[in-house]
Structures are given as structure tokens and as C-alpha cells.
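J.: Here is my input; please provide its structure:
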Amino acid sequence: QVQLVESGGGLVQPGDSLRLSCAASGFTLADYAIGWFRQYPGGDGREGLTCTSNKDEYPPYLHSVKGRFTISRDNAKNTVYLQMNNLKPEDTAVYYCAAGVDYGCSGTDFGSWGQGTQVTVSS
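T.: Numbers count the residues shown, from 1 in each chain. Next up, the predicted model:
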């Protein structure tokens with residue numbers, strides 16, 4: 001059974017850092033494109049933040065998180081991470097990872113999703 005489990009969220013103050021984890025089971029994460037997304041409180045849609053793909057030389061980043069967030073993989077642990085630095089109140093959201101057959105970050109249909117982890121940035 002394909003499963004993605006996010007962890008690492010929490011309540012932090014502005015300027016703090018968090019590292020989110022996305023652990024995969026039931027499939028080899030290294031063979032797939034993995035994306036990180038977030039959904040704002042009360043929002044309907046999910047915003048794409050970044051993605052890691054074997055077909056892209058560099059991961060793309062949403063402009064508002066570029067330079068603060070970094071995606072990485074640990075294939076031995078079948079896990080993808082999202083390092084988030086200099087967090088801001090506007091980063092408050094539920095964060096999700098998702099996997100899809102790797103056609104590059106712009107061409108992948110992310111069909112498998114985790115349950116999400118809450119990140120709250122507040123003083």
C-alpha cells in the first residue's frame with residue numbers, strides 16, 4: 001500500500017526553523033517526483049512550494065519561499081525533507097507532500113498525498 005506520512009510541524013516563532021519529513025512506504029520514493037504543498041487556513045486549494053525530480057537539474061521553488069526553504073532526499077531512508085528557515089506568520093498552513101510518476105516537476109501528476117502536518121508561525 002502506497003503511503004506518505006508527513007511529520008515535523010509545530011508552533012514556532014517568526015524567524016525560527018523547522019524541518020518537515022515525508023516518509024514513504026509501499027514504494028521506492030527515489031523513483032518518483034515528490035512535491036511539497038501547503039494549504040492556508042480556510043483555503044480550498046493547495047499551493048505548490050517545491051519539488052524534487054530525477055529529470056530536473058534543480059528543484060523549482062515558489063518565489064515566496066525561495067532562499068528560505070530547501071528540499072532534499074534521503075533515498076536510504078525513503079524520505080524527503082523540507083528545511084524551512086526564517087519562518088514568517090504567512091507560512092502558517094497545513095503542509096503536504098505528494099508523489100507522482102516522474103515526468104519532471106512541471107509534468108508530474110501528483111496523485112498520492114500524505115495527511116498533512118500543521119505549521120503555525122506566531123509570536
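
J.: quick one, strands of the chain?
T.: Counting by DSSP state E, the segments of the chain that form strands are 3-7, 10-12, 18-25, 32-39, 47-52, 69-74, 79-84, 93-101, 112-113, 117-121.

J.: any idea which of those is most buried?
T.: strand 32-39 (a mean of 24; mean count of other CB atoms under 10 Å). All C-beta spots, glycine's among them, are computed from the backbone N, C-alpha and C.

J.: quick one on the thing from earlier: I'd like to know which of the strands of the chain is closest to Leu62.
T.: If you check each of the strands of the chain against Leu62 by CB to CB, strand 47-52 wins as the nearest, at 5.1 Å.

J.: helices or strands next to that closest one in the packing?
T.: When contacts are defined as 3 or more CB pairs under 8 Å, 6 or more residues apart in numbering; DSSP states H and E, strand 47-52 packs onto strand 32-39, strand 69-74, strand 79-84.
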